[in-house]
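Colleague: sequence first, predicted coordinates after that:
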Amino acid sequence: MADKIKDAKIIFVVGGPGSGKGTQCEKVVAKYGYTHLSSGDLLRAEVASGSERGKTLQAIMQKGELVPLDTVLDMIKDAMIAKVDVSKGFLIDGYPREVKQGEEFEKKIGAPCLLLYIDAKGETMVKRLMKRGETSGRADDNEETIKKRLDLYYKATEPVIAFYSSRGIVRKIDSELPVDEVFGHVAKAIDGLK
Ligand SMILES: Nc1ccn([C@@H]2O[C@H](COP(=O)(O)OP(=O)(O)OP(=O)(O)O)[C@@H](O)[C@H]2O)c(=O)n1
Ligand SMILES: Nc1nc2c(ncn2[C@@H]2O[C@H](COP(=O)(O)OP(=O)(O)O)[C@@H](O)[C@H]2O)c(=O)[nH]1
Ligand SMILES: [Mg+2]
């Protein structure tokens, strides 16, 4: 089983909060049939289950901080194992959040063949998240937590992009464009694989 995952096509989707990762992943699923695993969604599902672990997670997420590395990684790995036989590839959305998360992922699961860097300006991300917050019901889509998530993104997650750039697998996608144009660039990056 571990070998099967290792051979799977793995794409990391990295970008700030509200940059449009989830939006683009949905479109990739529709066109390429990849399996979309949003680390944030996996964590929110655990919170929704009402488990003790979920309660601990909720408190961390509400503050816009990172949950323990092993927790997210185990969830991603379990979700990958469940889908590996029917999946053409995996979109790992919102992970890695810090270089260490990427290193552990590679030790326990495998190496990514591509990193889609979904790039938008800070003010754009804040605007999109405030709008999303009107309907998302997410405890972290509020002004105070958004600011913390952005700060953490610049501090912890941007170094991830530099880390993988040196390997030549980063494709920077301008996410200020209209959604379909952004997707055009995403599709070009995926078509360039192999
Ligand atoms: N690898 C990850 C992914 C998520 N989180 C936690 O889950 C929260 C929400 O994650 P996510 O949904 O990915 O949020 P954002 O990227 O901030 O927002 P979006 O849904 O807009 O992508 C993060 O703030 C963080 O507390 C984490 O600790 N580690
Ligand atoms: N104008 C515009 N809005 C977008 C674009 N991509 C995403 N959005 C909006 O921005 C918000 C955040 O997008 P989402 O995909 O959840 O971003 P994520 O936080 O990176 O997963 C959503 O309300 C989207 O509708 C884009 O390319 N252009
Ligand atoms: Mg998202």
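Modeller: Right, received. Where do you want to start? Owing to the predicted nature of the structure, the values given are computational and were not obtained by experimental measurement. Numbering: from 1, shown residues only. Ligands and ions are numbered 1, 2, ... in the order given.

Colleague: CA only for contacts and neighbour counts going forward, please
Modeller: Will do.

Colleague: ok, residue 74 - how many residues close by?
Modeller: By other CA atoms under 10 Å, 13 other residues sit near residue 74.

Colleague: show me which residues of the protein are close to ligand 1?
Modeller: Neighbours of ligand 1 within the chain, by CA under 6 Å from any ligand atom: 16-18, 39-41, 60-61, 64-67, 72, 94-97, 149.

Colleague: pull out the buried members of these.
Modeller: 16-18, 39, 61, 64, 72, 94-97, 149 (16 or more other CA atoms under 10 Å).

Colleague: circling back to that earlier point, filtering the residues of the chain next to ligand 1 by proximity to ligand 2, which remain?
Modeller: Restricting these to those near ligand 2 - CA under 6 Å from any ligand atom - leaves 17-18.

Colleague: low pLDDT regions in this structure?
Modeller: Counting by pLDDT under 70, the chain has low-confidence residues at 1-2.

Colleague: ok, 90 please
Modeller: 1-8, 86, 88, 194 (pLDDT under 90).

Colleague: break down it into its strands, ranges please.
Modeller: 10-15, 35-38, 90-93, 114-119, 170-174 (DSSP state E).

Colleague: what residues does the protein have near ligand 2?
Modeller: 17-23, 128-129, 132, 175-179, 182.

Colleague: and those residues, which of them are buried?
Modeller: Buried among those by 16+ other CA under 10 Å: 17-22, 129, 175-176, 182.

Colleague: can you tell me which two in these are farthest apart?
Modeller: Maximum pairwise distance in these, criterion CA to CA, is 18.1 Å, between 129 and 182.

Colleague: need the helices for this protein, in chain order.
Modeller: Remark: helices assigned in the chain by DSSP state H are 2-7, 21-32, 39-48, 52-62, 69-83, 99-108, 122-136, 143-152, 158-165, 179-191.

Colleague: and the angle from the last one to strand 114-119?
Modeller: In terms of direction (axes from the mean of the first three to the mean of the last three CA atoms, to 10 degrees), helix 179-191 departs from strand 114-119 by 160 degrees.

Colleague: what's in contact with helix 179-191?
Modeller: Residues outside helix 179-191 that contact it (CA atoms under 8 Å, 6 or more residues apart in numbering) are 23-24, 27-28, 116, 171, 173-176.

Colleague: with just CA atoms, put that helix into PDB.
Modeller: Provided in PDB are the C-alpha atoms of helix 179-191 (Å, rounded to 0.1, in the frame of the first residue of the first chain):
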ATOM      1  CA  VAL A 179     -11.200  32.300 -12.300                       C
ATOM      2  CA  ASP A 180     -11.300  30.800 -15.800                       C
ATOM      3  CA  GLU A 181      -8.100  32.500 -16.900                       C
ATOM      4  CA  VAL A 182      -6.400  31.400 -13.700                       C
ATOM      5  CA  PHE A 183      -7.500  27.900 -14.500                       C
ATOM      6  CA  GLY A 184      -6.000  28.200 -18.000                       C
ATOM      7  CA  HIS A 185      -2.600  28.600 -16.400                       C
ATOM      8  CA  VAL A 186      -3.200  25.800 -13.900                       C
ATOM      9  CA  ALA A 187      -4.200  23.400 -16.700                       C
ATOM     10  CA  LYS A 188      -1.100  24.300 -18.700                       C
ATOM     11  CA  ALA A 189       1.100  23.500 -15.700                       C
ATOM     12  CA  ILE A 190      -0.700  20.100 -15.300                       C
ATOM     13  CA  ASP A 191      -0.500  19.300 -19.000                       C
END
